[in-house]
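Visitor: kindly generate the corresponding structure for this input.
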Amino acid sequence: MDRKKIVIIGGGHNALVAACYLARANFEVWVFEKNKKVGGCCVTDEETFPGFKVSSASYVNSLFSSQIAEGLGLLENGYEVIRRNPSSFTPLPCGRYLMLGPDHNMNRDEISKFSIHDAEMYSCYEQALKEVSEFIGPILMMTPSNIPSRKRKDLSNLIKFLRYVLGGNPVVLARLLHLMFCSPLSYLDSWFETDVLKATLLTGSIIGAVNPNGYVLLHHEMGDAGGSRGIWGYQRGGMGNISESLAHVAKQSGVRIETEQTVRSLLLKNDRAIGIVLNNGVRVLADIVVSGVDPKQTFLKLLPDARIFRNLKKRVNNLDFSSASMKINIALSGLPSFRCMPGTLPGPQHRGTIHISPTTSYIARALGEARLGTASTRPILEITIPSVLDNTIAPVGKHLMNIFVQFTPYRIKNGSWDSFKQVYFQNHIMPTMRCYIENIDNVIESIEILSPVDLERRFGLTEGNIFHGAMNPSQLFMLRPLRGLAGYKTPVSGLYLCGAGTHPGGGVMGICGFNAAREIITAEA
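Guide: Numbers count the residues shown, from 1 in each chain. Predicted coordinates:
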């Protein structure tokens, strides 16, 4: 019997995960990626700064599923997470600082500098989040139900979900609901009194988000790829090594990967997807089409304008894709020396994520400016220097700095990002860094600035949204990407979704691709 042919649009990490599992299930799989390298946002760039390996977009790893990494044999194919200790460093303008990490004794000592009460509460806080994360773990691997639906599979999935939730610890469930629907600052206020501790933890609720919520805070505590739950690590060789290891396994399994091939549109016959049309006009026929790009691109750009799908397009167009993130990559001639902890030799202050967000009011001010359509004049900076722990990504004696900037709205008043980003860097980001780093002007060699518009152009992130759609309660689980599209199979016959716009959402997890492949194998094999 001839194998069914599947074409996958986009070569991001979720698409590659799906490709691996589909090929192992005896499908003929082709992946079409518009860029030179597969990986989407999970890619290593060796051209921008010669001699450096830059994690262009995504820059740390915690969320990638250990089950997938082990199941596909990625650890034997270049996948390696470097653990960080400490994992977090928050310098303060007054000369003090806070470090946090996997060492409970260190955490207690560090927090005790500010509050004995908070030092005692912190381990309880961590345990509470761990319990909620462990409760959510199996839900991440579930297929959400489309509701309302008359299909037996949707009913079966709903029963499975309800049985799991109702059989769980009611205290943990109540904590989860509290996190999802309350202000993350209010949640932190219920635990702690120290502002710098709350500000450090609050950053987890705003990464990639314009409307902070407790679920995003929890989302960033779910992973264990960094060695233990909630700890983030560096990927040796850059984040692209995740994608390259997936691509290697995919090719071993028979997947055909075509790079520098942009998909122009879906090919339909009798309202069924039967293939794709490339930019050069070539048609590629297939039994099944799987889209790894976000829902807006899939349905608004690639889906032909057939009357039957117009209501679907209208609903997709109303999806919340608001975002306000910028990524900056910097080649350094040496290490930064922090005013609160001087020194240019590698130290604990250089290993983890450096949070430039000293107070909760600082965060609130930055967010308030963004909501008015203005890039934050005192931006929140999440800085990492992975070359301190990974000697494969920078020349000897030099270093690589990643900066994740918030808040920088996709649409800004009185101008465009193309003309404004250099000015913004010089007038706001550099002055912010100078407040905390005494030698920053002397160690910068080269700079790459990726505005929200650049993120959209290069990586196909609609409105620069790193999650393929906002991760608020109205766009999660059965409602992701929207009601009626929750089960990876779309209303377009023969078309499936496998990208981060599906459950369980954004971040380098791989689970969207894993779940989508499972559903395709069940329905189409």
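
Visitor: how about the strands of the stretch 201-350 of the chain, start to end?
Guide: 234-235, 256-258, 263-269, 272-278, 283-285, 288-291, 325-332 (DSSP state E, counting those that start in this stretch).

Visitor: got the contact list for the third one?
Guide: Right, strand 263-269. 9-10, 32, 34, 273-279, 281, 283-285, 289, 301-304, 306, 492, 495 (C-beta atoms under 8 Å, 6 or more residues apart in numbering). No exception for glycine: its C-beta is placed from N, CA and C like everyone else's.

Visitor: name the SS class of I449, please.
Guide: At I449 the chain is in strand, as set by DSSP: H, G, I helix; E, B strand; the rest coil.

Visitor: what count of nearby residues applies to it?
Guide: 18 (other C-beta atoms under 10 Å).

Visitor: may I have the helix or strand of the chain with the lowest mean pLDDT exported as CSV, CA atoms only?
Guide: Lowest by mean pLDDT, DSSP states H and E among the helices and strands of the chain is helix 214-219, with a mean of 83. Output in CSV follows, covering the C-alpha atoms of helix 214-219 (Å, rounded to 0.1, in the frame of the first residue of the first chain):
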residue,chain,number,x,y,z
GLY,A,214,-0.6,34.3,36.5
TYR,A,215,-0.7,31.5,33.8
VAL,A,216,2.3,33.1,32.0
LEU,A,217,4.1,33.1,35.3
LEU,A,218,3.3,29.5,35.8
HIS,A,219,4.1,28.7,32.1
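
Visitor: just the buried residues of it, please?
Guide: 214-219 (16 or more other C-beta atoms under 10 Å).

Visitor: is it true that N146 lies in a helix?
Guide: No: assessed with three-state DSSP, N146 is coil; it does not lie in a helix.

Visitor: would you check that F514 makes contact with V17?
Guide: Yes: using C-beta atoms under 8 Å, F514 is in contact with V17, at 5.5 Å.

Visitor: who touches both of the two?
Guide: Joint contacts of F514 and V17 (C-beta under 8 Å, 6+ apart) are I68.

Visitor: who's more crowded, the two?
Guide: More crowded of F514 and V17, by other C-beta under 10 Å: V17, with 33 against 22.

Visitor: doesn't the more buried one belong to a strand?
Guide: No: read with three-state DSSP, V17 is helix and lies in no strand.

Visitor: secondary structure class for the residue nearest to it when sequence neighbours are not counted?
Guide: The shortest distance from V17 to any non-neighbouring residue, by C-beta to C-beta, 6 or more residues apart in numbering, is to G513 (3.3 Å). With three-state DSSP as the basis, G513 sits in helix.

Visitor: circling back: write the ChimeraX selection for whichever of the contacts of strand 263-269 are buried.
Guide: In ChimeraX, this line selects whichever of those come out buried by 16+ other C-beta under 10 Å:
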select :9,10,32,34,273,274,275,276,277,278,284,289,302,303,492,495
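
Visitor: low-confidence stretches in the stretch 51-200 of the chain?
Guide: 150 (pLDDT under 70).

Visitor: tell me where it has strands.
Guide: 54-55, 81-82, 88-91, 97-100.

Visitor: deepest-packed of the ones you listed, please.
Guide: Mean neighbour count (mean count of other C-beta atoms under 10 Å) peaks for strand 54-55 among the strands of the stretch 51-200 of the chain, with a mean of 27.

Visitor: other residues contacting that one?
Guide: By C-beta under 8 Å, 6+ apart, the list of residues contacting strand 54-55 reads 43-46, 48, 235, 238-240, 329, 386, 393, 400, 402, 448.

Visitor: pairing partners for it, with directions?
Guide: Using DSSP bridges, the strands paired with strand 54-55 are strand 44-45 (antiparallel).

Visitor: circling back: pick out the most distant pair among the contacts of strand 54-55.
Guide: Greatest spacing in those, by C-beta to C-beta: Q235 and E448 (18.7 Å).

Visitor: between these two, which has more neighbouring residues?
Guide: Between Q235 and E448, Q235 has the larger neighbour count (other C-beta under 10 Å), namely 29 against 15.

Visitor: you'd agree the more buried one is up against I82?
Guide: Yes: counting by C-beta under 8 Å, Q235 does reach I82; the two are 7.4 Å apart.

Visitor: hmm, back to that, can you name the residues that contact the residue nearest to V17?
Guide: Counting by C-beta under 8 Å, 6+ apart, G513 has contacts 13-19, 21, 292, 498-499.

Visitor: try Y362
Guide: Contacts of Y362 by C-beta under 8 Å, 6+ apart are 199, 378, 380.

Visitor: again with R483
Guide: With C-beta under 8 Å, 6+ apart, R483 has these contacts: 146-147.

Visitor: could you do the one 4 residues further on as well?
Guide: Going by C-beta under 8 Å, 6+ apart, G487 touches 143-146, 153-154, 157, 519.

Visitor: for this structure, which helix is longest?
Guide: helix 116-140 (DSSP state H).

Visitor: so which elements touch it?
Guide: Here helix 116-140 touches helix 104-112, helix 152-166, helix 170-181, helix 214-219, going by 3 or more C-beta pairs under 8 Å, 6 or more residues apart in numbering; DSSP states H and E.

Visitor: would you mind finding the most buried of these?
Guide: helix 214-219 comes out most buried of the helices and strands packed on helix 116-140 by mean count of other C-beta under 10 Å, with a mean of 24.

Visitor: I288 touches I520, doesn't it?
Guide: Yes: using C-beta under 8 Å, I288 is in contact with I520, at 6.6 Å.

Visitor: which neighbours do those two share?
Guide: Contact criterion C-beta under 8 Å, 6+ apart; residues shared by I288 and I520: 6, 27, 496.

Visitor: re earlier: and of the strands of the stretch 51-200 of the chain, who's closest to N107?
Guide: Nearest of the strands of the stretch 51-200 of the chain (C-beta to C-beta): strand 97-100, 5.5 Å.

Visitor: can you list the strands that that closest one pairs with?
Guide: Partners of strand 97-100 in the sheet, by DSSP bridges, are strand 88-91 (antiparallel).
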